[in-house]
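Peer 1: Sharing a model that was predicted from the sequence below.
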Amino acid sequence: SGQHDTSGMTRTIVLLLFVAASECLTHRNDTIWPIPAEVYVLSGPALPIDRHFLATSNSSSVVVADAVERYTKLISGTAGPIEENTQEDLALVTGVEVQVVRDDETLDWNTDYSYELLVNGANSVVIVAASPFGAVYGLETFSQLVVNGTLLYTNVSIRDYPKFQHRGLLIDSGRRIYPKSLVLQLLDALNYVKMNVLHLHISDHCRFSVESRMFPSLMEPWHDNYYSRDDIMEIVEYARLRGIRVVPEIDTPGHTHGLYPLSHQQGVVFCSDDLEQLYNDPAGQTLRTVKSLYYEMASLFPEKLFHIGADETAVKGNCTLENIGGFEREIIEFLVSLGKVPIGWEEVLFDTKAANSQTVVNDWTRYRAIDSVRKGYLTIESQGQHFYLNHANYGGAWLDIAPNFTDFELKLLLGGEMSMWTDNYCGCSDCPQNAPAKWMFERKYDAVFAQSVGGMIWPRGIAAAGSFWNFVPEISDTSPEFLHRYEAQNKRMTERGIFTCPVDCFCDELTVCGVPYSPD
């Protein structure tokens, strides 16, 4: 799924340069993260940043204009005062010129995020980007080379692009809703580590978390504990300006307790009295209503990918395996008719076999990406053992998600996702009674919930981001080369206002570095 076709000779040269670059990581003092695809030159003495530093561009893109403004403020804010009597002796970096090859703001899985960063002395700092979104990433990389008001090198030549086009974070607002301010902070954080998908798990045990005008009864039990349509439009646009696509997920036919208000006036039928799974009733009332809900949400989210869930269903009550699979097939075909690309968790392929050729398979527990790839399906790797960040003690997230894949298999692997489920903050009637942090479920604890979730996602998510952008097999996650960057990136994100866990201690839902979070 690499986006750049080059000749065999160029490929060989690039490979040699890349190997040389990875071997020299120990001798570099930069902290660029994720590790760039190709680093040709990092040399020469550091150069001070002018307090009036200005990023500029001849691009007409709104995305570029917004990024130029953000990064001008960020980079100029690091500059220190220069003594007047020494100013003439120092070459100050006064700005960066951003050149965009095409001002196309189309944001989808084919978007080209590649860029080059070229520095040849203080007066020649240039980013050349394939798209406006590549320009955003080029500015982020440049900002990471600015430390304590100085550009680390006089000469820089970097060419960078991701190995995978889908690099995501799932957040679960179907249990404990993420405050909008936290969602926006997480979008900033994703931008800082070059991730480009926010997977929004809208519905689950506790709620349907997005306003429905078609079915206002869905909102009645939750009062203000959902995102308004205006909230979603704000989140989608904030994400777009950072090159991030928002992928919605309405989890059906299982995990549907949050849809129970539709059983009253709309006649939606459940498999059994626990209201946890939808029944594909012979009259088709459940499907008609749920399709209408998908239709409404499909118009609200411009992203083509639409996740149907389809995980953890069970044969129970009226629901046979055939009934479950039939429901899923109907939803998949309906989304395709709307011009969407359906995604389902691994069960949609391996259990109900409802996946069609247009379905993207999201592997997470019993299967790995290679299993669905070898069946010919486009695939996203969400391997729970490594990328479920809600389990504080799970394995490391610096991982090759495509070990020994052939070129053909790589084309089918879209990328990876990390997930931050809120089971352990769950406080509604359908939640486990032993959820350790369920006291944070109430909205009055939004601030402490945001800190707790931030400490669960970061810095482990930093490692995942690196895996999805450019995994370097020669570097282990215990090596000085890795830890140098990992620690610096976490520090940088903390300084930029992101809630993180310090790298030298342990955080879980209830504690940070051994200190319990307090309700007060």
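Peer 2: Yep, that arrived. If you're wondering where the values come from, they're calculated on a predicted model, not measured in any experiment.
Peer 1: now the strands for the stretch 51-200 of the chain?
Peer 2: In the stretch 51-200 of the chain, strands defined by DSSP state E, counting those that start in this stretch lie at 93-100, 115-120, 125-129, 146-147, 150-151, 155-160, 166-172, 197-201, listed in chain order.
Peer 1: Go through those strands and name the closest to Gly77.
Peer 2: strand 146-147 (10.0 Å; Cβ to Cβ). (Each C-beta comes from the backbone N, C-alpha and C, glycine too.)
Peer 1: got a list of contacts for the closest one?
Peer 2: Contacting residues not belonging to strand 146-147 are listed as Thr31, Ile49, Ile75, Thr78, Leu152 [Cβ atoms under 8 Å, 6 or more residues apart in numbering].
Peer 1: May I see those residues organised as JSON lines, with neighbour count and pLDDT added?
Peer 2: Conversion of the contacts of strand 146-147 to JSON lines gives the following (neighbours: other Cβ atoms under 10 Å; pLDDT from 0 to 100):
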{"residue": "Thr31", "neighbour count": "17", "pLDDT": "96"}
{"residue": "Ile49", "neighbour count": "25", "pLDDT": "97"}
{"residue": "Ile75", "neighbour count": "24", "pLDDT": "97"}
{"residue": "Thr78", "neighbour count": "16", "pLDDT": "82"}
{"residue": "Leu152", "neighbour count": "21", "pLDDT": "96"}
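Peer 1: Tabulate those (TSV), appending distance to Asp477.
Peer 2: What follows is these, written out as TSV (distance: Cβ to Cβ, whole Å):
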residue	distance to Asp477
Thr31	16
Ile49	32
Ile75	29
Thr78	28
Leu152	24
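Peer 1: Between those residues, which sits nearest Ile462?
Peer 2: Taking the contacts of strand 146-147 together and measuring to Ile462 by Cβ to Cβ, the closest member is Thr31, at 11.2 Å.
Peer 1: Just the CA coordinates for stretch 237-249, please, in PDB.
Peer 2: Below are the C-alpha coordinates for stretch 237-249, written out as PDB (Å, rounded to 0.1, in the frame of the first residue of the first chain):
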ATOM      1  CA  GLU A 237     -13.800  20.200   9.800                       C
ATOM      2  CA  TYR A 238     -11.200  20.400  12.600                       C
ATOM      3  CA  ALA A 239     -10.000  17.000  11.600                       C
ATOM      4  CA  ARG A 240     -10.000  17.800   7.900                       C
ATOM      5  CA  LEU A 241      -7.700  20.800   8.400                       C
ATOM      6  CA  ARG A 242      -5.200  18.300  10.000                       C
ATOM      7  CA  GLY A 243      -5.600  15.700   7.300                       C
ATOM      8  CA  ILE A 244      -7.700  13.400   9.400                       C
ATOM      9  CA  ARG A 245     -10.800  11.500   8.200                       C
ATOM     10  CA  VAL A 246     -13.600  10.800  10.700                       C
ATOM     11  CA  VAL A 247     -14.900   7.200  10.200                       C
ATOM     12  CA  PRO A 248     -18.200   6.700  11.900                       C
ATOM     13  CA  GLU A 249     -19.300   3.300  13.400                       C
END
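Peer 1: For Tyr367, identify the helix or strand it belongs to.
Peer 2: When secondary structure is defined using DSSP states H and E, no element contains Tyr367, which sits outside every helix and strand.
Peer 1: and the gap between the closest residue to it other than its chain neighbours and His201?
Peer 2: Closest residue in space to Tyr367, ignoring its immediate chain neighbours: Glu346 at 4.8 Å, by Cβ to Cβ, 6 or more residues apart in numbering. Summarising the geometry, the distance separating Glu346 from His201, computed by Cβ to Cβ, to the nearest Å, is 16 Å.
Peer 1: before we move on, what about Lys444?
Peer 2: Noted for Lys444: a distance of 23 Å to His201, by Cβ to Cβ.
Peer 1: same deal with Asp160?
Peer 2: Distance of Asp160 to His201, computed by Cβ to Cβ: 30 Å.
Peer 1: what does Ala67 give?
Peer 2: From Ala67 over to His201 the distance is 28 Å, taken as Cβ to Cβ.
Peer 1: out of those two, which sits in the more crowded spot?
Peer 2: Between Ala67 and His201, counting by other Cβ atoms under 10 Å, Ala67 is the more crowded of the two (28 against 25).
Peer 1: The nearest residue in space to the more buried one that is not next to it in sequence: neighbour count?
Peer 2: The spatially closest residue to Ala67, leaving aside those adjacent along the chain, is Val136, at 4.6 Å (Cβ to Cβ, 6+ apart). The tally of other residues near Val136 (other Cβ under 10 Å) stands at 29.
Peer 1: didn't Val136 look like it was pressed against Tyr192?
Peer 2: No - taking Cβ atoms under 8 Å as the contact criterion, Val136 and Tyr192 are not neighbours in contact, 10.7 Å apart.
Peer 1: which ones are touching the closest residue to Cys505 other than its chain neighbours?
Peer 2: Residue nearest to Cys505 in three dimensions, not counting chain neighbours: Cys513, with 3.8 Å by Cβ to Cβ, 6+ apart. When contacts are counted by Cβ under 8 Å, 6+ apart, Cys513 is found next to Cys501, Pro502, Cys505, Phe506, Cys507.
Peer 1: Identify the farthest-apart pair in those.
Peer 2: Pro502 and Phe506 (9.5 Å).
Peer 1: Show the pLDDT at Gln265.
Peer 2: Per-residue confidence for Gln265 comes out at a pLDDT of 84.
Peer 1: just checking, it touches Pro216?
Peer 2: No - using Cβ under 8 Å, Gln265 makes no contact with Pro216, being 10.1 Å away.
Peer 1: Touching both of the two, which residues are there?
Peer 2: Common contact partners of Gln265 and Pro216 (Cβ under 8 Å, 6+ apart): none.
Peer 1: before we move on, which element is Glu322 in?
Peer 2: Per DSSP H and E: Glu322 is located in helix 321-337.
Peer 1: and the residue nearest to Tyr367, how many residues sit next to it?
Peer 2: If we define neighbours as other Cβ under 10 Å, then Glu346 has 23 of them.
Peer 1: which ones are touching it?
Peer 2: Shown here is Glu346, whose contacts under the criterion Cβ under 8 Å, 6+ apart are Asp311, Val361, Asn362, Asp363, Trp364, Thr365, Arg366, Tyr367, Asp371, Ser372.
Peer 1: ok, now with 6 Å
Peer 2: With contact taken as Cβ atoms under 6 Å, 6 or more residues apart in numbering, Glu346 is in contact with Asp363, Trp364, Tyr367.
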